[in-house]
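K.L.:
The following comprises the amino acid sequence and a computationally predicted model.
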Amino acid sequence: MSMMASRAALATSSLALAAGLLLALACAPDAKSPEEKIRAVLAALEEGAEEKRAGAMKEHVSERYADAQGNDKRAIAQLVAFHLLRNQSVYLLTRVRSVEIEAPGEGRAEVLVAMAGTPIAGPEALLSLRADLYRFDLRLAEEQDGAWRVRSAEWRPAAADDFR
């Protein structure tokens, strides 16, 4: 076999190997479980709030968002933006109490959130800080693009003891 034929054969086999790897990666199951994806959404929401990036938080809210207070995605985005603008600094202490997959593509998360204008060292600091404490019950869904987004939320006051 000539050198040119050897290179052509090598290039063809390399191309076939690369195509096979791409196909295997495309067909491989997603490395993250639905619970891990929901936890990633919760972490992104927390990061967006602390960085005061309402737009980054809005990405994780479904176009079909609706809650018991009558809010849709636009209204909830305005509420979040108002809170972030109203406060010079936003520091959070979050506790994910539970994440449940209720059905394929549907999940629920219960999250405790303490919000303050100064850093929160830990749950013990909540007694000496002026912080807003909430318990969120979030419903999330996996949407057509594969992303998990918040479809609805309920919130109510929480107590400092809830964070322990």
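P.N.:
Received the coordinates, thanks.
K.L.:
ok, for residue 116, nearest residue in space, not its chain neighbours?
P.N.:
Distance criterion CB to CB, 6 or more residues apart in numbering; nearest residue to residue 116, sequence neighbours excluded, is residue 131 at 3.9 Å. Any C-beta I mention is one placed from the backbone N, CA and C, and that applies to glycine too.
K.L.:
since we're on the one you found, how many residues are nearby?
P.N.:
21 (other CB atoms under 10 Å).
K.L.:
measure it to residue 54 for me?
P.N.:
To residue 54, residue 131 is 20 Å away according to CB to CB, to the nearest Å.
K.L.:
which residues touch the host helix or strand of residue 134?
P.N.:
Element membership for residue 134, per DSSP states H and E: strand 131-142. Applying CB atoms under 8 Å, 6 or more residues apart in numbering, the contact partners of strand 131-142 are 34, 37-38, 41-42, 62, 64, 93, 105-116, 120, 126, 148-160, 162-163.
K.L.:
Could I get the buried residue list for stretch 132-148?
P.N.:
By neighbour count on 16 or more other CB atoms under 10 Å, the buried set for stretch 132-148 is 133, 135, 136, 138, 139, 140, 141, 142, 148.
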